[in-house]
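A.B. asks: Okay, here's the prediction I keep looking at, along with the sequence it came from:
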Amino acid sequence: MEAVLAATSIGKRFPGVVALSDVDLTLRAGEVHALVGENGAGKSTLIKVLTGVYTPDDGTLEYLGERKRFARPLDAQAAGISTVYQEVNLVPLQSVASNVFLGREPRNRFGLLDFRAMNAQATQLLDSYGIRVDVTRPLRTLGMGVQQMVAVARAAATEARVVILDEPTSSLEPREVDTLFAIIERLRADGVAVLYVSHRLDELYRICDRVTVLRDGRLVHSGAMADLPRLKLVAMMLGRDLEEVQREGATKFEGEHAAGQAPVLAASGLSAKHRLDDVDVTVRPGEIVGLGGLLGAGRSETVMAIAGALPLDSGEVNVDGKRLRTGSVAAAMRAGVVMLPEDRKADGILPDLSVRENIALAALPRLSAAGLVSRRRQDSIVDTFMKRLRIKAASPDQRVGELSGGNQQKVLLARLLCMQPKVLLLDEPTRGIDVGAKAEVQALIDELAKDGLGVVLISSEFDEVVEGSDAIVVLREGKVVTRLEGDNVNEAALLAALAEDSRDD
Amino acid sequence: MTEVVAAPRANAGTRAWLRDNGVYAAIVVLVAYNLIFTENFATMANLSTQLVQVAPVLIVALGMALVIGTEGVDLSVGSVMAIAAAILPLYLGYGVLPAVLLALVAGGLCGALNGTLVAVVGIQPIVATLALLVGGRGLALVFADGQMTVIQNDSLLGLGTGELLGLPVIVWLAAALAALVWLLVRYTTFGRQLVAIGGNRSASALAGLPVRRVLMTTYVISGVLAAVAGIVATARLTASDPSAIGNLYELSAITAVVVGGTPLSGGRVRILGTVAGAVLMQMITATLIKHNLPDSTAQMVQAAIIVLAVYLQRSRAGGGQ
């Protein structure tokens, strides 16, 4: 088969980060090509290079046999490279038909928009893909799934040679996934090259012909999908050496902190549409429970649900045997459940405020009398935690935005510890901080668990979860696959659980 | 890398200084200019006049500063002033205190409406408060039966003309309110939470802050302060004129806040700066008029200063990491 799009030795650097280094990707006509990798692997950067959003620093792009350099996304689009992003980027208030023809509307002989032709053609097009909708309705009145499919149909209809689908099924129902796959089959039959980005292994093995695996901005593997065992794929995504893992067997973590005690946290039946499906998590005092799973498995959603930051359709959360009101961060905090959010910048720090303000933020009502903040109590608690967590700042008055990532993270931990929590939910506590700070944060987590806190730990670093956890709850597509305990908390068992084929269930 | 950013830093430092202190510096310059070139500037009478003029704008701007601190805006303040003014003569028959209280309650209710639309329904502040900007003025005219009413209540008129220790009562009132709001921002749980919510709403919500309650309270305070300004303006005018009172005050208030160094992006509230911003704008108008330049010139100068202030704040986004 001929190569439609060939990227060779692509490199892309951002200040302080090498996003891509020496990456090759070849898309052939009539193939569905899987692009996989965990957080920071460089998938989105690669897509943006292919679609003209970024210009690569190194390497060449060859499209239909010619050296190309797309200066703008529009150029790539005009040349026949269509992208459907995770979040639909269409115009929600316009009709379905207008969206399908956005930018290339049929015109009548007066040069005006020909709505009749547009509606008829749109209906016919969508119909041919098995999507039956009233094309005159505004797009946003349709479900997310249908919107997504309209976006794919639109991409297919632009006579594209390459269609890039970024997590297309994340908001689709199983039935809609089938329809989408039928569309992809048609694209394949028409000789279109499809780049399919997803974390759902089942889908990859169902629809993709070849696979390219990225990790930390580098190419790890490229080859036929069917030749790559699931376990091997997962091991490559996570950067583990499979043979080594299997040889070493169990790397058992030291004894459990808390056998036999009543759980401090018992969450059961957590369900939220498209995100969580009947998830149970129990944590005993002094226990660190890791959440295992690939990107998009529902780990962050699980801790957010427990912390009251994600509205639930059903499920309950009990702390020390008392049921708490779900969907309220304040209620969870009162009960002693606090969460360190995954995205430190967006959901954690207040960069323009001082270290003091940041630490005291959640505890302000406790540090106040009659609505007035007690400066003395605030300073004393801030001082205590700055010392205990060894936060390096010029003074408590320094702006948090000026601190290093590690110290920002410690400030956030201090904010949580001010609340005297019983359960600590940690979403990527060591991401993006330097090695020294990382070891300190890890030691601190261990220490807190020894003091009797229940800890839920999410980490995209395999070692951290395996070595740090007393038990691991493994998630996939918002469901609990298994719970590993005791001797089973090891790399081999976790890899096997992650790679398990859900169709065998 | 630190070497590379060193050069623009120096420039950023000047900008940051101008942003934080420019408004005070501008006042100093204008005062110096007026002392030398303007006749009768340094008289008590002139000072009083200027401060009385600025008082209602300042009172409104205090509430506006809080709202802007939450990354919002309250366009309805001028109309709320009119509503308060329209209510006064209706209840003056029961005494000045009940009338004033009712006017304040009306302002609070207007704020509660804005707060509900913003915090509960989730409408963008500019749109939510635009509704009351338009509708509020109409409501005020309905209350007043479309007419101006001359005020004959001596206690109320006393508020407009009375003096205390050589300065008009209105000026004392505005100063006291400014001090109160300053304390509110700096020392209360509410004030700290307000700034945090304006700085990073998502982080504040995840830290368990009562986001809705704080936003609601902020708009209520803004509404009540606008009502105070409406009462003050009525007392000064010695008449309740709902079609004129508070016209374009929302813009004057926003100007004072922005020129005073409070960023429109929220997360920072500068009450002293807001006071200075209001004073500066008044001084510019007064200075130019004293030198026989038309009002339109003053407006253009003010426009230039607003652009400058916003430009200086823009660098803030790039300055932080």
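C.D. replies: Thanks, I have the structure now. Residues are numbered from 1 along each chain as shown, chains lettered A, B, ... in the order given.
A.B. asks: Helix, strand or coil: sort out residue 62 for me.
C.D. replies: I'll assume chain A. Here residue A:62 takes the strand state, with states given by DSSP: H, G, I helix; E, B strand; the rest coil.
A.B. asks: Contacts only, for it.
C.D. replies: Counting by CB atoms under 8 Å, 6 or more residues apart in numbering or on different chains, residue A:62 makes contact with A:3, A:5, A:6, A:7, A:8, A:68. Where C-beta positions appear, they are placed from N, C-alpha and C, glycine not excepted.
A.B. asks: swap the cut-off to 7 Å and go again
C.D. replies: A:6, A:68 (CB atoms under 7 Å, 6 or more residues apart in numbering or on different chains).
A.B. asks: isn't residue B:57 right up against residue B:256?
C.D. replies: Yes - the criterion here is CB atoms under 7 Å, and residue B:57 meets it with residue B:256 at 6.3 Å.
A.B. asks: Find residues that contact each of those two.
C.D. replies: Common neighbours of residue B:57 and residue B:256, counting by CB under 7 Å, 6+ apart, are residue B:278.
A.B. asks: Same drill for the two, tell me which one is more crowded.
C.D. replies: residue B:256 (29 against 23; other CB atoms under 10 Å in any protein chain shown).
A.B. asks: Residue B:61 is in contact with that one, correct?
C.D. replies: Yes - taking contacts as CB under 7 Å, residue B:256 lies within contact range of residue B:61: 4.0 Å.
A.B. asks: Once you drop chain neighbours, what's closest to residue A:455?
C.D. replies: residue A:288 (4.4 Å; CB to CB, 6 or more residues apart in numbering or on different chains).
A.B. asks: Phi, psi for the one you found please.
C.D. replies: Per-residue torsions, residue A:288: phi -110, psi 120 (degrees, to the nearest 10).
A.B. asks: Next to chain A, which bits of the stretch 151-300 of chain B? Give me the list.
C.D. replies: B:187-190, B:192-193, B:196, B:199-200, B:202-203, B:205-208, B:210, B:267-268 (CB under 7 Å from any CB of the partner chain).
A.B. asks: Would you mind giving me the ChimeraX syntax to select the buried ones in these?
C.D. replies: To isolate the buried members of these in ChimeraX, using 16 or more other CB atoms under 10 Å in any protein chain shown:
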select /B:187,188,189,190,192,193,196,199,200,203,205,206,207,208,210,267,268
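A.B. asks: confidence score at residue 65?
C.D. replies: No chain in the question, so chain A it is. Among the per-residue scores, residue A:65 shows a pLDDT of 88.
A.B. asks: sorry, should have said chain B
C.D. replies: 97.
A.B. asks: Against residue A:342, how distant is it?
C.D. replies: Residue B:65 sits 34 Å away from residue A:342, taking CB to CB, to the nearest Å as the criterion.
A.B. asks: Look at these two and report which has more neighbours.
C.D. replies: Neighbour tally, residue B:65 and residue A:342, criterion other CB under 10 Å: the higher count belongs to residue B:65, 30 against 20.
A.B. asks: doesn't residue B:269 make contact with the more buried one?
C.D. replies: Yes - counting by CB under 7 Å, residue B:65 touches residue B:269, with 5.3 Å between them.
A.B. asks: which neighbours do those two share?
C.D. replies: Applying CB under 7 Å, 6+ apart, one finds that residue B:65 and residue B:269 are jointly contacted by residue B:262.
A.B. asks: sorry, back to before: what touches both of residue B:256 and residue B:61?
C.D. replies: If you check residue B:256 and residue B:61 against CB under 7 Å, 6+ apart, the residues they both contact are B:274, B:278.
A.B. asks: quick one, helices of chain B?
C.D. replies: B:2-37, B:44-69, B:77-91, B:96-115, B:125-143, B:154-161, B:169-187, B:189-199, B:201-206, B:211-237, B:249-259, B:271-290, B:295-319 (DSSP state H).
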